[in-house]
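>>> have a look at this prediction, sequence included:
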Amino acid sequence: MLPWNADCTKFPRMLIARTLPDLRAACASLRAAHGGLALVPTMGALHDGHRALVKAAVASGAPTVASIFVNPLQFGANEDLSRYPRDEPGDLAALESCGCALAWLPDVEIMYPPGEATTISLTGPAERWEGDARPGHFRGVATVCAKLFGQVRPDRAYFGEKDWQQLQVIKRMVADLLLPLEIVGIETVREADGLALSSRNRFLSPADRSVAPLLNRVLRETARALAGGATAEPVLQAARQKLADAGFGVDYFALVDGPSLAPIEIAIATARLIATARLGSVRLLDNVAVI
Ligand code: PAF
């Protein structure tokens, strides 16, 4: 058996746990030394969007735990789990360079023990949009996050606003289950041309990559029109058409109430414009505030 934190020669400033006893020991010693803990749940293949989450957590002053676990429960039968990018050495180096205190790398048997029979069932913000496009996806996300919250017992957990619906689903679950932590949303990190960073962008062909920033441009233009008082449906329809003309397969482009994800017809204070559109085999998600 490898000694505790066997990777410490490669990552001298960061602890690495791969078993529950090691995670508990590391969390207990960090908590004893510093008070609370912050958690950044990830599936690895880290980019600057994840780095922003870790940096925000570290800046809060709490020792930061980042988990890397490619969660099979949130992938549908027609979604290729094996194609999900993996780069453990690169991810660990990225976490350490951002000041992460502890990397948590559980395997499937730890997260889903034999005989397990419990998952989180969701309604409200998990319905519609990604909930329709990817049945069971949010059940998988919520279940794994609930397990991570129970394992690490953080005071705060950090999620990107890019996955707006996921952020609202997790906030709702934490409120409904009375879990003792705060969920913090962090603004989407973008390429210079506006494309939201995503682990899946690497699968865009060069031609699709050059078209991809249009999704954010159209979202921003539409948000401006709606904030200026335009009636939603004609503006939304024009936006869908513009994207379709450029080669996107638009799954949805909708004006919603930000926290509940319910569709709305005029831009209220909590309005959010959300969209998912496909280029080739890549689904691009993005959203903007309507102010
Ligand atoms: O956003 C992600 O990377 C995943 O959905 C999460 C929150 C780490 C749960 O597996």
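Arrived safely, thanks for sending.
>>> helix or strand for the residue nearest to Gln74 when sequence neighbours are not counted, which one?
Nearest in space to Gln74, with sequence neighbours left out and distances taken as C-beta to C-beta, 6 or more residues apart in numbering, is Gly140 at 3.0 Å. For every residue, glycine as well, the C-beta is placed using N, CA and C. Element membership for Gly140 (DSSP states H and E) is helix 137-152.
>>> show me which residues of the stretch 151-291 of the chain sit near the ligand.
Along the stretch 151-291 of the chain, the residues adjacent to the ligand under the rule C-beta under 6 Å from any ligand atom are 163, 166.
>>> what about the residue nearest to Gln74, neighbour count?
A count of neighbours around Gly140, defined by other C-beta atoms under 10 Å, yields 18.
>>> returning to that earlier point: tell me the mean pLDDT for the helix holding Gly140?
Rounded to a whole number, the mean pLDDT of helix 137-152 is 98.
>>> what's next to that helix, contact-wise?
Around helix 137-152, the neighbours that count as contacts under C-beta atoms under 8 Å, 6 or more residues apart in numbering are 20, 23, 27, 37, 39, 41, 65, 67, 69, 71-76, 104, 106, 111, 118-122, 126, 130-131, 157, 165-166, 169-170, 173-174, 177, 179, 181.
>>> I'd like the next helix or strand past that helix.
Downstream of helix 137-152, the next assigned helix or strand under DSSP H and E is strand 156-160.
>>> that following strand: how far from the chain's middle?
Counting by C-alpha atoms, centre = their mean, to the nearest Å, strand 156-160 is centred 9 Å from the centre of its parent chain.
>>> between helix 137-152 and that strand, find me the angle.
For the pair strand 156-160 and helix 137-152, the angle between their directions (axes from the mean of the first three to the mean of the last three C-alpha atoms, to 10 degrees) equals 150 degrees.
>>> what is strand 156-160 packed up against?
The elements that strand 156-160 packs onto, with contact taken as 3 or more C-beta pairs under 8 Å, 6 or more residues apart in numbering; DSSP states H and E, are strand 38-42, helix 48-59, helix 137-152, helix 164-176, strand 182-186.
>>> which of these sits closest to Ser198?
helix 48-59 (7.4 Å; C-beta to C-beta).
>>> ok, and does the next helix or strand after that closest one reach over to the ligand?
Downstream of helix 48-59, the next assigned helix or strand under DSSP H and E is strand 64-68. No: no part of strand 64-68 sits near the ligand under the criterion C-beta under 6 Å from any ligand atom; the closest distance found is 7.2 Å.
>>> which SS state does Ala77 fall under?
Using DSSP: H, G, I helix; E, B strand; the rest coil, the secondary structure recorded for Ala77 is coil.
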